[in-house]
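Colleague: here is a sequence with its predicted model. Questions after.
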Number of protein chains: 2
Amino acid sequence: MRYHKIPDETVRRLPVYLRGAMHLSQQGLESISSRHLADLLGVKPWQIRKDFSYFGDFGTPGVGYHLESLIKQINKILRLDAGQKAVLVGVGNLGSALLAFPGFGMYGFEIAAAFDVDKRKIGRRRGGVVIGDIAKLRNLRRRGICLGIIAVPEDTTQEVADTLVDAGIKGILNFSPRYITVPKRVKVITIDIAMDLARLPYYMPLS
Amino acid sequence: MRYHKIPDETVRRLPVYLRGAMHLSQQGLESISSRHLADLLGVKPWQIRKDFSYFGDFGTPGVGYHLESLIKQINKILRLDAGQKAVLVGVGNLGSALLAFPGFGMYGFEIAAAFDVDKRKIGRRRGGVVIGDIAKLRNLRRRGICLGIIAVPEDTTQEVADTLVDAGIKGILNFSPRYITVPKRVKVITIDIAMDLARLPYYMPLS
DNA sequence: TGGTGATTGCGCTCACATTCACAGACAACA
DNA sequence: TGTTGTCTGTGAATGTGAGCGCAATCACCA
Ligand SMILES: NC(=O)c1ccc[n+]([C@@H]2O[C@H](COP(=O)([O-])OP(=O)(O)OC[C@H]3O[C@@H](n4cnc5c(N)ncnc54)[C@H](O)[C@@H]3O)[C@@H](O)[C@H]2O)c1
Ligand SMILES: NC(=O)c1ccc[n+]([C@@H]2O[C@H](COP(=O)([O-])OP(=O)(O)OC[C@H]3O[C@@H](n4cnc5c(N)ncnc54)[C@H](O)[C@@H]3O)[C@@H](O)[C@H]2O)c1
């Protein structure tokens, strides 16, 4: 492991590579060349080699990258090997879908708790967790939960973010289409689905 | 409207500005300066000015940007003023949430049709549309639908994408965590929620 | 009508990211 | 063990966007 400064864009692509590597590994493959992985993922081979080169020597010339160690390395770099736990706030339409979503497990995530404000939902079981009362959300660090997922209506987003920060959350995945302010130490990633859709027409052919 | 090549990153940010502008307009404001808009959205003022400068003269020195014409302009650039129609394929956990999601309307989108393969779902009504049989999905262009939203299981994603392309779709929003191949004229935007979450731990403080 | 304060539009520079080309490393095999 | 073909790792070139500073511009008001 070298100590270069790793470009953000590279970090953004690492999960893509990880997914591809896991996919191929499950199919029984041992190794993969940058060219074949690139074809599979729709990127360029030299991009992959450059990205991997920031972290040290993963590959063997003439053969490619050994999948098992590649997966282990990327997991380590992204700190996914620790088995991150997340808390979901807001078990509505989207929150329920997220609780039923198996895709988080692939990266070692577990939604270990869920909270809502709706009395009718509190106490119910959804996808392996019991929905708790948001008013009783206290210290989460004690339970080993460092990630928060926000799926509440727009107008309560900031309030929920504050609650999560107080509870010791260090990273937030926000689905609400609103800018939230948090201490600088907390990393926020916002997914605004409508906004992503909104830039599609710009790129579409006119006719 | 000048003819510069507009940076992709600028296009990506335009919906953010649009949302902010609409938000302020609804509060009764007439104009906004780059500094105030920047504060609201958590970006830098010069970023906003630079972005807007690609498209011509939106603003008035000493005052700022006139909200109404700003909104109209961005809508025009992103081609949202046409009132884009979209088709949803896969009405499962995520698909149902999307149908119930009011956020698309803000950008002038309408989910005008939904399709599934599950006989128990076909014919049912969800969020204003009747779920159709995917086997009967034919020409969509005739109905004025140019956008496709894919929310089906991973292994059928490519197949559904092909169907949509055949039906005349020009842009796809894909929620399935798999790389799909389409003709170059079709623009694909993939939202992989788990992948976005996966790069959070890298940026989180260690302790 | 001319001065004032605020804010835009844009050129310039630097930092970062992508792309390419190729030397050198390795496996495979005769 | 020598030869061949493949693939990696990386330095250098090219492309792209962010950050900034300031002249030009406008509303406002005396
Ligand atoms: N539905 C979608 O497909 C979709 C897509 C993208 C983004 N979003 C965004 O995700 C958010 C949730 O969407 P939804 O469709 O699930 O809405 P929803 O109304 O179905 O669910 C919201 C849930 O949050 C709970 N809630 C409200 N205030 C709360 C609080 N202070 N603390 C804890 N829980 C609280 C409500 O009880 C409800 O269960 C919204 O901001 C929406 O814009 C939704
Ligand atoms: N649930 C989530 O929160 C979530 C989050 C991110 C991504 N995703 C992805 O979105 C996709 C759907 O997730 P989900 O949770 O809604 O799954 P789901 O199983 O609940 O729903 C899938 C739906 O697609 C339908 N379907 C299957 N094959 C089809 C076909 N060929 N044509 C039309 N319809 C078909 C099924 O009948 C079902 O209704 C998956 O790829 C998943 O990885 C889901």
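Modeller: Received, thanks. Ligands and ions are numbered 1, 2, ... in the order given.
Colleague: over to A:Ala114: give its phi and psi.
Modeller: With angles defined as degrees, to the nearest 10, A:Ala114 sits at phi -140, psi 140.
Colleague: distance of it relative to B:Gly92?
Modeller: 19 Å (C-beta to C-beta, to the nearest Å). Every residue, glycine included, has its C-beta placed from N, CA and C.
Colleague: strands of chain A, start to end?
Modeller: Here chain A has its strands, by DSSP state E, at A:31-32, A:59-60, A:64-66, A:85-89, A:110-116, A:125-126, A:129-133, A:145-150, A:171-174, A:187-190.
Colleague: tell me the strands beside the fourth one, with direction?
Modeller: Looking back up the chat, that one is strand A:85-89. strand A:110-116 (parallel), strand A:145-150 (parallel) (DSSP bridges).
Colleague: hmm, it touching ligand 1?
Modeller: Yes: Strand A:85-89 reaches ligand 1 (C-beta under 6 Å from any ligand atom) through A:Val89.
Colleague: and the lowest-mean-pLDDT helix or strand in chain A, how far from the chain's centre?
Modeller: Within chain A, confidence by mean pLDDT, DSSP states H and E is lowest for strand A:59-60 among all helices and strands, at a mean of 88. Relative to its chain's centre, strand A:59-60 lies at 28 Å (C-alpha atoms, centre = their mean, to the nearest Å).
Colleague: how about stretch A:187-194?
Modeller: Relative to the mean C-alpha coordinate of its chain, stretch A:187-194 is positioned 11 Å out (C-alpha atoms, centre = their mean).
Colleague: what comes up buried for it?
Modeller: By 16 or more other C-beta atoms under 10 Å in any protein chain shown, the buried positions in stretch A:187-194 come out as A:Lys187, A:Val188, A:Thr190, A:Ile191, A:Asp192, A:Ile193, A:Ala194.
Colleague: just give the nearest non-adjacent residue to the first one, would you?
Modeller: What that stands for is A:Lys187. Excluding its sequence neighbours, the residue lying closest to A:Lys187 (C-beta to C-beta, 6 or more residues apart in numbering or on different chains) is B:Tyr203, at 4.1 Å.
Colleague: for that neighbour, give its distance to DNA strand D.
Modeller: Remark: distance between B:Tyr203 and DNA strand D (C-beta to the nearest atom of the strand, to the nearest Å) = 16 Å.
Colleague: that residue: what's it in contact with?
Modeller: A:Val11, A:Gly171, A:Lys187 (C-beta atoms under 8 Å, 6 or more residues apart in numbering or on different chains).
Colleague: my guess is the last one meets A:Ile169, correct?
Modeller: Think A:Lys187. No: judged on C-beta atoms under 8 Å, A:Lys187 makes no contact with A:Ile169 at a distance of 10.1 Å.
Colleague: stretch A:155-174 and chain B in contact?
Modeller: Yes: Stretch A:155-174 comes into contact with chain B (C-beta under 8 Å from any C-beta of the partner chain), by way of A:Lys170, A:Gly171, A:Leu173.
Colleague: distance across that stretch, terminal residue to terminal residue?
Modeller: Terminal residues of stretch A:155-174 are spaced 13 Å apart (C-alpha to C-alpha, to the nearest Å).
Colleague: one more: stretch A:116-125?
Modeller: Start-to-end span of stretch A:116-125 (C-alpha to C-alpha) is 12 Å.
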